[in-house]
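Student: Using only what follows, build the 3D model:
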Amino acid sequence: MNRTIFFVCMLVWGLFPASSHAISWNKTYQDYFDYYKDIAISQMHEFGIPASITLAQGVLESGAGNSELARKSNNHFGIKCNGWTGRKVYHDDDERGECFRAYDNVLDSYLDHSLFLKNSKRYSSLFQLKKTDYKGWAKGLKACGYATSPTYASRLIEIIELYDLHKYDKGGSATVEVLPSLARQSSSQVALHKVNKFNDNLYVIARKGDTFRSVGADVGVNYRQLAKFNERDKDDVLEEGEYVWLKKKRRHAPKEYKGYVYRVEAGESMYSIAQRFGIRLKNLYKMNNLSPDYVIQVGDPLRIR
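Tutor: Residues are numbered from 1 along each chain as shown. This next block holds a predicted model:
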């Protein structure tokens with residue numbers, strides 16, 4: 001984000017008055033939150049966007065999943081077509097016949113919402129905020145142009161507070177569910193690798209020059225076990241950015257990925273996809289009825305649960 005946009009976003013955050021209409025609790029909204037909260041929490045752990053913000057935006061933009069755009073196109077966040085190469089639909093919004101992104105399922109909409117915010121310079125300043133600062137996020141989204149309504153920020157905040165959505169922003173930390181070997185580390189030892197949590201497991205991101213020996217020594221896990229957990233040889237050199245799982249991987253992705261179809265991207269392999277989602281490689285082949293010698297192609301659809 002350039003300095004001008006950043007300054008304007010920061011300046012406007014504090015200028016939103018409280019909404020003059022108090023919203024009322026309704027079961028439709030509560031049902032929406034109960035249904036999608038696990039996806040929002042998962043997205044928070046992966047991308048750093050507060051789960052409360054994701055849920056409040058989703059319910060507001062989609063009318064709790066009942067808007068025409070949500071029902072016909074699975075678009076729960078009102079994201080328009082800018083830079084989009086996928087399926088498109090046209091819908092009246094600020095102007096007639098505007099172009100909106102269309103998704104195969106709701107999970108795709110949630111994933112694209114996270115990527116839309118994470119990869120845009122316009123919203124980069126928001127990621128400097130704490131995940132528990134839902135008010136800062138709400139005001140920042142409005143100030144940086146997510147929506148045109150002057151009450152957008154205050155409505156998000158009211159929804160979050162009425163439905164107590166901010167409790168999901170505390171959704172657990174990887175450092176709480178530590179392995180016994182991690183718990184035995186000296187309190188004076190500073191770990192080089194941040195421990196993250198996903199798919200009921202723990203992982204770190206490999207640094208340049210890492211091996212299973214170096215990672216294992218840092219996190220307190222035997223390097224032979226570590227290699228076995230990741231279905232690799234114990235003497236392998238890891239590539240920078242690789243996922244290294246600290247416990248045995250799962251048979252499939254988390255339950256919120258039920259029905260989700262993953263599309264293979266350039267440069268990916270079955271192994272890299274299995275690592276990304278913390279799935280055992282043989283189970284990824286089995287879920288998709290593929291033989292181990294099958295060579296995947298860009299765009300191939302894969303089930304991950």
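Student: now the helices: where do they sit in the stretch 51-200 of the chain?
Tutor: 51-62, 68-73, 106-118, 134-143, 152-162, 180-183 (DSSP state H, counting those that start in this stretch).
Student: Now render those as TSV, adding mean neighbour count, distance to Val221 and mean pLDDT.
Tutor: All C-beta spots, glycine's among them, are computed from the backbone N, C-alpha and C. Formatted as TSV, the helices of the stretch 51-200 of the chain follow (neighbours: other Cβ atoms under 10 Å; distance: least, Cβ to Cβ, whole Å; pLDDT from 0 to 100):
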stretch	mean neighbour count	distance to Val221	mean pLDDT
helix 51-62	26	29	96
helix 68-73	16	43	91
helix 106-118	21	29	89
helix 134-143	24	35	95
helix 152-162	21	38	94
helix 180-183	12	5	32
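Student: Now distance to Val219 too, for those helices, in CSV please.
Tutor: Output for those, formatted as CSV (distance: least, Cβ to Cβ, whole Å):
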stretch, distance to Val219
helix 51-62, 26
helix 68-73, 42
helix 106-118, 26
helix 134-143, 31
helix 152-162, 35
helix 180-183, 6
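Student: and of the ones you listed, who's closest to Gly220?
Tutor: helix 180-183 (4.0 Å; Cβ to Cβ).
Student: where in this structure is pLDDT low?
Tutor: Per-residue confidence for the chain (pLDDT under 70) gives these ranges: 1-22, 93-94, 171-192.
Student: Find the centremost residue of it, please.
Tutor: Gln43 (2.3 Å; Cα atoms, centre = their mean).
Student: out of the helices of the stretch 51-200 of the chain, which comes closest to Gly259?
Tutor: So among these, helix 106-118 is nearest, using Cβ to Cβ, at 7.3 Å.
Student: Could you check the angle that closest one makes with helix 51-62?
Tutor: Using axes from the mean of the first three to the mean of the last three Cα atoms, to 10 degrees, the inter-axis angle of helix 106-118 relative to helix 51-62 is 110 degrees.
Student: so what does helix 106-118 touch, helix or strand wise?
Tutor: helix 27-47, helix 51-62 (3 or more Cβ pairs under 8 Å, 6 or more residues apart in numbering; DSSP states H and E).
Student: Mind putting those helices into TSV with distance to Asp133?
Tutor: Output for these, formatted as TSV (distance: least, Cβ to Cβ, whole Å):
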stretch	distance to Asp133
helix 27-47	13
helix 51-62	10
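Student: give me phi/psi at Arg96?
Tutor: phi -80, psi 140 (degrees, to the nearest 10).
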